[in-house]
Structures are given as C-alpha cells and as structure tokens.
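A.B. asks: Give me coordinates for this.
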Amino acid sequence: MKILLKISVCFVLVAVALGGAYAQFAKPEHAIKYRKSVMFLIAQHFGRMGAMVQEKTPYNKQVFTGNAMLVETLSRLPWQAVMVPGTDKGDTTLKASAFEQQTKFNEVAQTFEKQTTKLVSTAKSGDFNAIKAQFGQVAKSCKACHTQFRTK
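C.D. replies: Numbers count the residues shown, from 1 in each chain. As a prediction, this is how the structure comes out:
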C-alpha cells in the first residue's frame, strides 16, 4: 500500500510539474533548474531499478514496474526546458551543440522515450532476463544523449 501511495504522489507531482513546463520560463535559469530536477528524479528511479538488475537489491516486480512507469512519465518532461534560449550557459551540462543539432537531439530524446515505454511493458511481463536486456537498452539511450549533448 505504501508503494502505491508513493507512486500516486509522484504522479501528482509529475502532473503539476508538467503543467508548469508548458508555461513559459521567466528566465533561462528556471528552465535549467526544471530540467535538472527532472533528470535528478530520472536518475533516482533508474538507479533503484539498476540495483535490482545488478542484483544488489532483491528484485520486486511491483517496485520495479512502479519505478519504470515513473521513468517513462519523467522521460517526456525535460525537453520543453532544453531549447529555451540561454539554457546552454550557466549551471548546466548541456552542450551548445544541442541547439545546433536540434533534429539529432530530438531523435535521441525520442529514442529514450520509446525505450522507457518498452521497459514498462517488459517490466509488467516479469521476465527478469528480458527486463535486464531492456534496462540495458534504456541505459544505452541515456548514454547516447550524454555522450553527444552533455559536458563532463
């Protein structure tokens, strides 16, 4: 029951954040902060799944699926805050090349979204080997974006 409550609360927070994302950001710093917050949440939930995939924590289908669903929802949020002018400067790791290669950036972002959707359906199946393989595909899509459009 606690897990269901946590997931519900997270979905409400995501819905509120999504509404805010469609509003115009007053300053580039606000867009950067929004984007970084979403990425932080993705990393937290992805890390929890990673611990299960790496067998550092026991696999729990319900918990894994809940985290996968959250990552799927979150995967659609940061992009509104990426192409805001000036968000490649300041407290960010976004490379200016994201602006220069918007089509490529959007393709990489869409691949991440598609892979997270596949992870949810795979997680629901309960097939741990398939879950591990699809988790790897999501990780690969993360790395593709970070390699091309993120400073180190």
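A.B. asks: Tell me where the longest helix sits in the protein.
C.D. replies: helix 28-53 (DSSP state H).
A.B. asks: Which SSE is immediately downstream of it?
C.D. replies: helix 61-74 (DSSP states H and E).
A.B. asks: What number of residues are in the vicinity of the nearest residue to Asp88 once chain neighbours are set aside?
C.D. replies: Among residues not flanking Asp88 along the chain, Ala96 sits closest, at 4.6 Å (C-beta to C-beta, 6 or more residues apart in numbering). Quick note: C-beta positions are derived from backbone N, CA and C, even for glycine. Neighbourhood size, Ala96 [other C-beta atoms under 10 Å]: 11.
A.B. asks: number of nearby residues for Trp79?
C.D. replies: So Trp79, with other C-beta under 10 Å, has 17 neighbours.
A.B. asks: Just the pLDDT for the closest residue to it other than its chain neighbours.
C.D. replies: In this structure, Trp79 finds its nearest non-sequential neighbour in Ala109, 5.4 Å apart by C-beta to C-beta, 6+ apart. We have a pLDDT of 95 for Ala109.
A.B. asks: Same check on Met83?
C.D. replies: Confidence score, pLDDT, at Met83: 89.
A.B. asks: Okay, the closest residue to Arg35 other than its chain neighbours and Glu100: tell me how far apart.
C.D. replies: What sits nearest to Arg35 in space, not counting adjacent residues and going by C-beta to C-beta, 6+ apart, is Ala81, at 4.0 Å. Using C-beta to C-beta, to the nearest Å, we find Ala81 at a distance of 18 Å from Glu100.
A.B. asks: So which of the two has more stuff around it?
C.D. replies: Shown here are Ala81 and Glu100; by other C-beta under 10 Å, Ala81 has more neighbours (23 against 10).
A.B. asks: my guess is the more buried one meets Lys27, correct?
C.D. replies: No. Assessed by C-beta atoms under 8 Å, Ala81 is found out of contact with Lys27, at 11.6 Å.
A.B. asks: Stretch 63-82 spans what distance, first to last residue?
C.D. replies: 30 Å (C-alpha to C-alpha, to the nearest Å).
A.B. asks: no wait, stretch 92-112
C.D. replies: 20 Å.
A.B. asks: Buried residues of stretch 135-151, list them for me.
C.D. replies: Neighbour counts over stretch 135-151 (16 or more other C-beta atoms under 10 Å) mark 135, 137-138, 141-142, 144-145, 149-150 as buried.
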